[in-house]
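In: Structural data only, the sequence is not supplied:
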């Protein structure tokens, strides 16, 4: 089964819900509405033809300029049966980043979702233990969001634009 | 006496909740710096005598925010960050990162570069597996085997030293290939290693593989079924020990692995002993792959003597530092050197997930480039971060001493776990 056929199968099952379907660098990518993530994941898991039953990776990306869809949650699935990878994206507003948890379907999603919460503040609804994992519990912000530059921009002892510090690059 | 009386009255005010008085189990803190945990791993165990009722792992003690740092670094400066993920096999991480960027840029590396990379990657896989397997021996009370194989790990590090100048955190190679050609000394050392290592490896195996005490201590300990392992997104030897023959080198070949003939060893029960056997067998396969790679390089050079000087992809010259003598004497080379070192080489926009078979599983790089000098987003798929979450389930109901062996058999590397 080719990447195109995988996307066709999905389009047949979720008519009108898929967007931005493409295949690049050996991975098909689709974008789905945030509310239907579990339905799509469950369909991919159960489908005898596809058998996307391996969650390779789960993470998020922050796009501060996309109004009302600032946070992008990315799933990388792998079908060991077809030996094909699939990337699923969904966008949620940074003000209320609610996504249903996939940890009931994939035990491995538990810590991946905790990591995503820890760094981006994505609220995985229904997660059994959604708390920080790599950062300290007392932290009150989500450090991977783009509004937090890597170094303190108020430092003047290291202000050197050529080396990517301070100045306008952030 | 009066002081004691006061103490007694004060203690009457200490409130203990009912559950903790009724509790029949003992809470035990294992780690984060315990000699048996080999790294900063902390587990709060709930013990019923010697049996573990539940475990709560704490991670993040050496979190260094690599993903955030990567968003500010030019591409070539990210290679040293990948060193520090799985520092037992840094060259695999380095090359995984280089292959990711090459795939994004559409650079096709010459065969000789691929084979040289395969040699280095398989050597580091051997080093990685040797550490892990010999440490299982240490945790079952057999220190000798550990000392035996560390001689060969040292030989491997000497090869890395001859190729790139450093040993543990190697920063080996560049986008498109290597920074310089392999010196003859490196090939001599590889040949010497291939000659001496099989004897040492056999000795190592004869110490442990059919050792009654070792077998009794590891068989049936820390097992996981194939279904659970897949559900927990296990990869690498831990998944193969459970009986799933998934290996990135075969499933989605990179660096010309499709040219090589090798077997994927699998286990059945996924216990500590199976993981040990799978890694040992993989070491033998790696030795065979290195031999094949040397033969293939010799064949390439015999067919075309100019191949001897091929050590990076010509299309990647934008990402390859010019030779030092040119930098000192030629204007263009100097400008290019400066641009590259200052990280002013821009990478085309794109999005890619690319994975390599690391020492302990699938090491993935999810890279989003918006066309700037640094990645917009870089996420490392770190295999042991993902499979460590299965640890409480694996050790539930087992003895404390088995939990220690299980931890070392999972090949957990703190640097990779915490990124």
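Out: Happy to help now that I have it. Computed from a predicted model, the values in this text were never measured in an experiment.
In: which residues of chain A fall in strands?
Out: Taking DSSP state E as the criterion, chain A contains strands spanning A:19-24, A:27-31, A:54-62, A:71-79, A:84-92, A:98-100, A:123-125.
In: Contact distance from chain B - what residues of chain A qualify?
Out: Those residues of chain A that sit near chain B, judged by Cβ under 8 Å from any Cβ of the partner chain, are A:24-27, A:29, A:53-57, A:59, A:61-62, A:74, A:76, A:80, A:83, A:85, A:87, A:106-108, A:110-112, A:115, A:119, A:133-136, A:143-144, A:148, A:150-151, A:162, A:164, A:169. In short, each C-beta sits where N, CA and C put it, glycine included.
In: what helices or strands is the helix-or-strand element of chain A with minimal mean pLDDT leaning on?
Out: Of all helical and strand segments in chain A, the minimum by mean pLDDT, DSSP states H and E falls on strand A:19-24, at a mean of 87. For strand A:19-24, the contact count by 3 or more Cβ pairs under 8 Å, 6 or more residues apart in numbering or on different chains; DSSP states H and E identifies helix A:3-13, strand A:27-31, strand B:350-357 as packing neighbours.
In: Can you add mean neighbour count and distance to residue B:225 and give the strands of chain A back as CSV?
Out: Conversion of these to CSV gives the following (neighbours: other Cβ atoms under 10 Å in any protein chain shown; distance: least, Cβ to Cβ, whole Å):
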stretch, mean neighbour count, distance to residue B:225
strand A:19-24, 13, 34
strand A:27-31, 20, 29
strand A:54-62, 24, 15
strand A:71-79, 23, 19
strand A:84-92, 22, 24
strand A:98-100, 18, 27
strand A:123-125, 16, 26
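In: worst average pLDDT in these?
Out: Confidence, taken as mean pLDDT, is least for strand A:19-24 of those (a mean of 87).
In: residues in contact with residue B:283?
Out: B:125, B:126, B:129, B:130, B:201 (Cβ atoms under 8 Å, 6 or more residues apart in numbering or on different chains).
In: ok, for the last one, nearest residue in space, not its chain neighbours?
Out: The shortest distance from residue B:201 to any non-neighbouring residue, by Cβ to Cβ, 6 or more residues apart in numbering or on different chains, is to residue B:283 (6.3 Å).
In: What residues sit buried inside the host helix or strand of that neighbour?
Out: Taking DSSP states H and E as the definition, residue B:283 sits inside helix B:272-303. Residues of helix B:272-303 classed as buried: B:272-287, B:289-290, B:292-294, B:296-297, B:300 (neighbour count, 16 or more other Cβ atoms under 10 Å in any protein chain shown).
In: What of stretch B:358-378?
Out: Result for stretch B:358-378 [16+ other Cβ under 10 Å]: buried residues B:358-369, B:373-378.
In: before we move on, what about stretch B:242-261?
Out: For stretch B:242-261, the neighbour count (16+ other Cβ under 10 Å) marks B:242-244, B:246-252, B:254-257, B:260 as buried.
In: Stretch B:71-89 now?
Out: Within stretch B:71-89, the residues that qualify as buried by neighbour count (16+ other Cβ under 10 Å) are B:71-79, B:81-89.
In: One more: stretch B:46-55?
Out: Neighbour-count burial for stretch B:46-55, counted by 16+ other Cβ under 10 Å, picks out B:46, B:47, B:52, B:54, B:55.
In: Which secondary structure elements does the helix or strand harbouring the first one sit against?
Out: When you say that, I think you mean residue B:46. Residue B:46 is located in strand B:42-48, with elements delineated by DSSP H and E. Under the contact criterion of 3+ Cβ pairs under 8 Å, 6+ apart, strand B:42-48 touches strand B:26-30, strand B:51-58, helix B:400-409.
In: what about stretch B:201-220, average pLDDT?
Out: Confidence for stretch B:201-220, expressed as mean pLDDT, is 92.
In: ok so, going back, with distance to residue B:393 as added columns, please give the strands of chain A in a markdown table.
Out: Putting the strands of chain A into a markdown table (distance: least, Cβ to Cβ, whole Å) gives the following:
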| stretch | distance to residue B:393 |
| --- | --- |
| strand A:19-24 | 36 |
| strand A:27-31 | 30 |
| strand A:54-62 | 17 |
| strand A:71-79 | 22 |
| strand A:84-92 | 26 |
| strand A:98-100 | 23 |
| strand A:123-125 | 20 |
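In: In chain A, where is pLDDT below threshold?
Out: Within chain A, the stretches with pLDDT under 70 are A:151-170.
In: change it to 80
Out: Counting by pLDDT under 80, chain A contains low-confidence ranges at A:149-170.
In: quick one: the one residue in it that gets nearest to chain B and residue A:34, what's the gap?
Out: Residue nearest to chain B within chain A (Cβ to the nearest Cβ): residue A:108, separated by 3.3 Å. Taken as Cβ to Cβ, to the nearest Å, the spacing of residue A:108 relative to residue A:34 amounts to 21 Å.
In: Surely residue B:252 and residue A:25 touch.
Out: No - Residue B:252 sits out of contact with residue A:25 when judged by Cβ atoms under 8 Å, with a separation of 11.0 Å.
In: Mind checking the helices and strands packed on strand B:42-48 for the one nearest to residue B:216?
Out: Taking Cβ to Cβ as the measure, the helices and strands packed on strand B:42-48 were each checked against residue B:216, and helix B:400-409 came out nearest at 11.3 Å.
In: For that closest one, which helices and strands make contact with it?
Out: Contacting helix B:400-409 under the criterion 3+ Cβ pairs under 8 Å, 6+ apart are the following elements: strand B:26-30, strand B:42-48, strand B:51-58, helix B:111-139, helix B:212-218, helix B:272-303, helix B:391-395.
In: try 10 Å
Out: Using 3 or more Cβ pairs under 10 Å, 6 or more residues apart in numbering or on different chains; DSSP states H and E, the elements in contact with helix B:400-409 are strand B:26-30, strand B:42-48, strand B:51-58, helix B:111-139, helix B:212-218, helix B:236-241, helix B:272-303, helix B:391-395.
In: so what secondary structure elements neighbour the fifth one?
Out: Using 3+ Cβ pairs under 10 Å, 6+ apart, the elements in contact with helix B:212-218 are helix B:111-139, helix B:184-208, helix B:272-303, helix B:400-409.
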